[in-house]
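Engineer: what shape does this take:
(one chain, ligands or ions: 1)
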Amino acid sequence: MDSGKQMIFEDRRKKAAKEVILKRVGEHTFNVVDKEGNFKYKVSTVPGKEDCECPSFVQNNTKKHDDATGEFFLCKHIYAAQYVESLEETIKENSTHTKEMAS
Ligand SMILES: [Zn+2]
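Structural biologist: Predicted coordinates:
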């Protein structure tokens with residue numbers, strides 16, 4: 001019946017990250033908003049200090065960043081924000097490269 005369901009399940013994390021709507025509010029800070037533009041969560045992508053206000057992130061990171069021993073859970077909002085930043089880096093690199101090629 002719902003042929004899209006299985007694919008969504010298999011690729012759920014990526015798919016979920018793609019559906020996150022972000023507004024940049026700082027160098028490493030984004031607001032997650034809903035489709036109407038209403039504020040939902042604040043996301044930080046500072047390397048090593050990633051943070052999000054959503055219940056999923058909070059519940060999975062009870063030790064938070066006090067414990068520097070290992071990786072902590074990154075929610076879909078952080079994935080999405082990091083993806084946006086990686087795209088921006090790619091654009092920057094490409095434009096620099098183009099300039100070098102032209103000169
Ligand atoms: Zn989150």
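
Engineer: helices or strands up against the longest helix seen in the chain?
Structural biologist: In the chain, with assignment by DSSP state H, the single longest helix is helix 76-102. If you count contacts as 3 or more Cβ pairs under 8 Å, 6 or more residues apart in numbering; DSSP states H and E, helix 76-102 packs onto helix 12-18, strand 21-26, strand 29-33, strand 39-44, strand 51-52, helix 55-60. Glycine gets a C-beta too; all of them are placed from N, C-alpha and C.

Engineer: kindly calculate the angle that that helix makes with strand 39-44.
Structural biologist: Between helix 76-102 and strand 39-44, the angle comes out at 60 degrees (axes from the mean of the first three to the mean of the last three Cα atoms, to 10 degrees).

Engineer: need the helix or strand of this protein with the lowest average pLDDT.
Structural biologist: helix 4-10 (a mean of 50; mean pLDDT, DSSP states H and E).

Engineer: one step back: for the helices and strands packed on helix 76-102, give me TSV that also has mean neighbour count and mean pLDDT.
Structural biologist: As requested, the helices and strands packed on helix 76-102 are exported to TSV (neighbours: other Cβ atoms under 10 Å; pLDDT from 0 to 100):
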stretch	mean neighbour count	mean pLDDT
helix 12-18	14	74
strand 21-26	13	95
strand 29-33	20	97
strand 39-44	17	97
strand 51-52	23	94
helix 55-60	14	89
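
Engineer: residue 89 is nearest to which of these?
Structural biologist: Comparison of the helices and strands packed on helix 76-102 against residue 89 by Cβ to Cβ identifies strand 21-26 as nearest, at 13.9 Å.
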